[in-house]
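In: A predicted structure for the sequence below; I have some questions about it.
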Amino acid sequence: MKVFDLHQDLLYYIIDNPNNVSILNEYKNLNIDKFVFAIFPFRGFYKILDVEEPLIYTLRGIEIAYEIEKEFNLKIIKGIEEFDEGNIILAVEGLYFVRSTYEVRIMNRLGIKVLGLVWNKDNLICPHWNSKNDYGLTDLGYDVVKTAISLNMTIDLSHASDRTFFNVIENFKQNIFVSHTGIREISNIKRNVSEDMIYEISKINGIVGIAFADIFLSKATLTDIAKYVSKLIEKYPNTLCIGSDFYGISQEHKIENLSKPNDLKNLYLELKKYLPDEYVNNFFYNNAYSFFKRALKFSDVKD
Ligand SMILES: [Zn+2]
């Protein structure tokens, strides 16, 4: 079992309790070869959310990621040449400080390769999934996505509104993915993607990471999830991936036996009951690997 996890809120997990970072010592044994390290641009959560300084929090998050790289002997992937031996892909979860494409270029120089357009609060790029006013991808948003793709960055549509999702899919045909989501057919909220949306992503060689929490998958057990996800994997063998979100989920929303990196082997064994090894390995690793390899190499021919 080799794991490529499309979404880990590790920063959020360690920010109030730096000792939690020791979990990274286990990653090599757990065969977590690569993961996306999400930088949450706010401090606090919900009632105590500090929305004033997203740039500052993002910059601090980047610095913490580089400290982690040194301390735990992991490698941040900043380009295709570091991809095979690298482990960490840096992501920003919401572009709340972006006012022009300059900020995108700066983020790229700092090693960010995933731009999550939005979190659970509207911004100048696009509205979030539960917005009262779904205005879709803005003109600035369009420029930001275009610039990012030309710099071999990727665009994460998790948390984005439906209109944004389709605006992006229609206008851009590469480097687009959804890092952590559930499935509307199981848990019918707009935070999740529908099977039709998975189909749309598959058509542009994108990927979709499945997150493990009851808000994403309803009150399903590990066995229910394996059964349902295995059917989806059969339909989309090159699209679905792990996007665990293990550290972004509060205790009451966790799924029993599927709430921490060490539990991924439970899912692995369960899926192998329903699927050939090749499909299970695609889901755990190969699909994400191929997507990022393509994205980091992509070259846009310009006139
Ligand atoms: Zn999230």
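Out: Now that the structure is in, tell me what you want to look at. All of these numbers come straight from a predicted model, not from anything done at the bench. Numbering: from 1, shown residues only.

In: okay, CA-based contacts and neighbour counts for the rest of this
Out: Will do.

In: got the buried residues for stretch 284-299?
Out: Across stretch 284-299, burial judged by 16 or more other C-alpha atoms under 10 Å covers 284-289, 291-296, 298.

In: ok, of the residues you listed, which one's closest to Phe177?
Out: Checking these against Phe177 by C-alpha to C-alpha gives Phe291 as the nearest, at 8.8 Å.

In: Helix or strand: which one has the closest one?
Out: Per DSSP states H and E: Phe291 is located in helix 287-297.

In: which intervals of the chain have sub-threshold pLDDT?
Out: For the chain, applying pLDDT under 70 flags the ranges 44-51, 300-303.

In: In it, which helix is the longest?
Out: Criterion DSSP state H: the longest helix present in the chain is helix 54-71.

In: helices or strands next to it in the packing?
Out: helix 10-15, strand 32-39, strand 88-93 (3 or more C-alpha pairs under 8 Å, 6 or more residues apart in numbering; DSSP states H and E).

In: Nearest to Leu269, out of the ones you listed?
Out: Of all the helices and strands packed on helix 54-71, it is strand 32-39 that lies closest to Leu269, at 16.0 Å by C-alpha to C-alpha.

In: which ones are touching Phe172?
Out: For Phe172, the contact set (C-alpha atoms under 8 Å, 6 or more residues apart in numbering) comprises Lys146.

In: and the angle for the longest helix of the chain with strand 88-93?
Out: On the basis of axes from the mean of the first three to the mean of the last three C-alpha atoms, to 10 degrees, helix 54-71 is oriented at 170 degrees to strand 88-93.

In: ok now helix 54-71, how far from the chain's centre?
Out: Mean C-alpha position of helix 54-71 versus that of the full chain (C-alpha atoms, centre = their mean, to the nearest Å) differs by 17 Å.

In: Pull it out as CSV, backbone CA atoms only.
Out: Taking Å, rounded to 0.1, in the frame of the first residue of the first chain, the C-alpha atoms of helix 54-71 are listed here in CSV:
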residue,chain,number,x,y,z
PRO,A,54,-5.3,35.8,5.6
LEU,A,55,-2.0,36.8,3.9
ILE,A,56,-0.1,36.8,7.1
TYR,A,57,-1.5,33.4,8.1
THR,A,58,-0.8,32.0,4.7
LEU,A,59,2.8,33.3,4.8
ARG,A,60,3.3,31.8,8.3
GLY,A,61,1.9,28.5,7.1
ILE,A,62,4.4,28.4,4.3
GLU,A,63,7.3,29.1,6.7
ILE,A,64,6.0,26.3,9.0
ALA,A,65,5.9,23.9,6.0
TYR,A,66,9.6,24.7,5.2
GLU,A,67,10.5,24.1,8.9
ILE,A,68,8.7,20.8,8.8
GLU,A,69,10.6,19.9,5.6
LYS,A,70,13.9,20.4,7.3
GLU,A,71,13.0,18.8,10.6
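
In: ok, back up a step: the helices and strands packed on helix 54-71: which one's closest to Lys173?
Out: For Lys173, the closest of the helices and strands packed on helix 54-71 is strand 88-93, at 20.1 Å, according to C-alpha to C-alpha.

In: what does the helix or strand just after the closest one contact?
Out: Following strand 88-93 in sequence order, the next helix or strand is helix 101-109 (DSSP H and E). With contacts defined as C-alpha under 8 Å, 6+ apart, helix 101-109 is touched by 97-98, 143-144, 147-148, 151, 153.

In: helix or strand right after helix 101-109?
Out: The helix or strand immediately downstream of helix 101-109 is strand 112-116, counting by DSSP H and E.

In: residues making contact with that next one?
Out: 78, 89-95, 148, 152-158.

In: quick one, it and strand 32-39 angle?
Out: 60 degrees.

In: Taking helix 101-109 as reference, get the angle to strand 112-116.
Out: If you take the same axes, to 10 degrees, strand 112-116 sits at 130 degrees to helix 101-109.

In: what ranges do the strands span in the stretch 151-300 of the chain?
Out: Ranges of strands in the stretch 151-300 of the chain, per DSSP state E, counting those that start in this stretch, are 154-156, 176-181, 207-210, 240-242.

In: Among the ones you listed, single out whichever gets nearest to Tyr27.
Out: That would be strand 240-242 among the strands of the stretch 151-300 of the chain, by C-alpha to C-alpha, at 15.2 Å.
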